[in-house]
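1. could you work out the structure for the sequence below:
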Amino acid sequence: MADETPKPPYNDNNAPEPSPSALFLEMMRQAALRDADSPEADEPDTLYIPEEDLFPEADPAPNDVHPQQFEEVSEPEPDPISEPIVEPEPEPDPIAEPKPEPEPTPIAQGRVPIYTAPDDDAIQDERAAKLEAQRVRRLRRRQERRQQRRVGVFGGFFRTALVVFIAATLSSTIFTWFTDPEFFTPDVVSGLQLAESTSVAAAVPLTPTTIDVTPNWARRIGIVSGHAGPEDDPGAVCDDGLTEREINFAVAQLVVRQLRELGYTVDLLDEFDPRLLGYQAAALVSIHANDCRDYGEYVSGYLVARASARPAGGRDDILAECVGREYEAVGIPRRFTLTLDMTDYHTFREIHQRTPAAILELGFMRDDRELLLNEQPLLAQQITSGILCFLNGENPIITGTEFPTVTPLPTGTP
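-> Here you go, the predicted model:
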């Protein structure tokens, strides 16, 4: 047996004493060396180490180490320098070993678990069903509101119509009760019927006139402003820039205004107005002016012509003679040297054959310039008088009078 007297594992140097865990590991290493070197040696005495020392919560201080807590083996301590050092295999850590998972306990037959996790598909289906039901409810409420709105609109319209009908009925009844039966004389009734059947398209307020207004196109008058329109045709042009178009338009506007003031329906037409195709009226007069050339002599006067294709002595001749007779009052002579451009004027071929028409040349822009520029109201008044002469049924043609023939002007054409 080895000496049981405890010996300190280290010399009496000033080095700090090792911890119990270090001493334990050193002892285990020495024991393993002895077992490897002498397999037949006696087994060492049992070494008891308390559990609290085997797994200490914290390493104690060096002064707390007590040699009585462990016992040395009886075998002699081998020399650690002469013998090879074999590291002992580390023991498995019981704490680090994974514990086997317990097998799930089967549910007893006939038992229902308290809670089962819902399936994702079931949740999605339930959510989709709730959304669909909500959408259906919204659509139903929207349809109900639309139906109520539609019923409200129809109801409002019906109520308005009913109120208007009742008000009109009451007004007419009250008016009938308090109106003298002899209030409307036969003359008043006939005047109201005549005014109702008459279509008046005058641009200015109408004034009373002695001329009877008829309920048909016979009292419509057309006035053509020569060379007017989008074609930008100036007509004859003087050296200083005066154009025939300016003179024609100024006089034509005055004629239209005077006739409308007398209660007539008057159309101011362009030279190539699309309304001229098949145009029907009681009369049509196209207003022009002669050129501004220097003929070498004093050339003054006006010209009036009707369509050569119309019968002589007809309504076209009466219109032309009425205008020609009244226009003499302007103070210039009438000329009868008509040209083909006047007697075969394109407007004569476009209008309706029942529309009497005439063309008037106001005067020569060179020698009659003062009259054409400064006496335009007088010119318009005499043209209006000539149209009224025709509408009133006057016939200035003298029996046996020879109508002027087409002859050229001294030089050139107007």
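2. the stretch 301-414 of the chain: helices as residue ranges?
-> In the stretch 301-414 of the chain, the segments counted as helices under DSSP state H, counting those that start in this stretch are 315-327, 340-343, 346-350, 369-374, 376-391.
3. so, low pLDDT: which residues of the protein?
-> Scanning the chain with the threshold set as pLDDT under 70 gives 1-18, 36-119, 175, 177-218, 398-414.
4. check contacts around L254.
-> For L254, the contact set (Cβ atoms under 8 Å, 6 or more residues apart in numbering) comprises Q376, P377, L379, A380, Q381. (C-beta placed from N, C-alpha, C; glycine too.)
5. thinking the last one is in contact with R257, fair?
-> No - in this structure, Q381 is not within contact of R257 by Cβ atoms under 8 Å, at 10.9 Å.
6. ok so, going back, right, so of the helices of the stretch 301-414 of the chain, which gets closest to R220?
-> helix 376-391 (10.8 Å; Cβ to Cβ).
7. which residues in this structure form helices?
-> With helices called from DSSP state H, the chain shows them at 20-37, 51-54, 120-177, 186-196, 244-261, 315-327, 340-343, 346-350, 369-374, 376-391.
8. in JSON lines: those, plus distance to Y279.
-> Formatted as JSON lines, the helices of the chain follow (distance: least, Cβ to Cβ, whole Å):
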{"stretch": "helix 20-37", "distance to Y279": "132"}
{"stretch": "helix 51-54", "distance to Y279": "133"}
{"stretch": "helix 120-177", "distance to Y279": "42"}
{"stretch": "helix 186-196", "distance to Y279": "25"}
{"stretch": "helix 244-261", "distance to Y279": "15"}
{"stretch": "helix 315-327", "distance to Y279": "14"}
{"stretch": "helix 340-343", "distance to Y279": "19"}
{"stretch": "helix 346-350", "distance to Y279": "7"}
{"stretch": "helix 369-374", "distance to Y279": "27"}
{"stretch": "helix 376-391", "distance to Y279": "16"}
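9. burial of S171, as a residue count?
-> 10 (other Cβ atoms under 10 Å).
10. how much space separates it from F165?
-> 11 Å (Cβ to Cβ, to the nearest Å).
11. next one: Q253
-> 48 Å.
12. and for E350, nearest residue in space, chain neighbours not counted?
-> Leaving out its chain neighbours, the residue that sits closest to E350 by Cβ to Cβ, 6 or more residues apart in numbering is L276, at 4.6 Å.
13. I'd say that neighbour and D267 touch.
-> No - using Cβ under 8 Å, L276 is not in contact with D267; the gap is 9.7 Å.
14. hmm, L391 is touching A283, no?
-> Yes - judged on Cβ under 8 Å, L391 makes contact with A283 at a distance of 6.7 Å.
15. ok, those two, which is more surrounded?
-> Between L391 and A283, counted using other Cβ under 10 Å, the more crowded position is A283 (27 against 19).
16. who's in contact with that one?
-> Per Cβ under 8 Å, 6+ apart, neighbours of A283: I221, G222, L319, T355, P356, A357, A358, I387, F390, L391.
17. can you give me the neighbour number for the nearest residue to the last one once chain neighbours are set aside?
-> Nearest-residue entry for L391: A282, 6.1 Å, with adjacent residues in sequence omitted and distances by Cβ to Cβ, 6+ apart. As a burial measure, the neighbour count of A282 was computed by other Cβ under 10 Å and equals 21.
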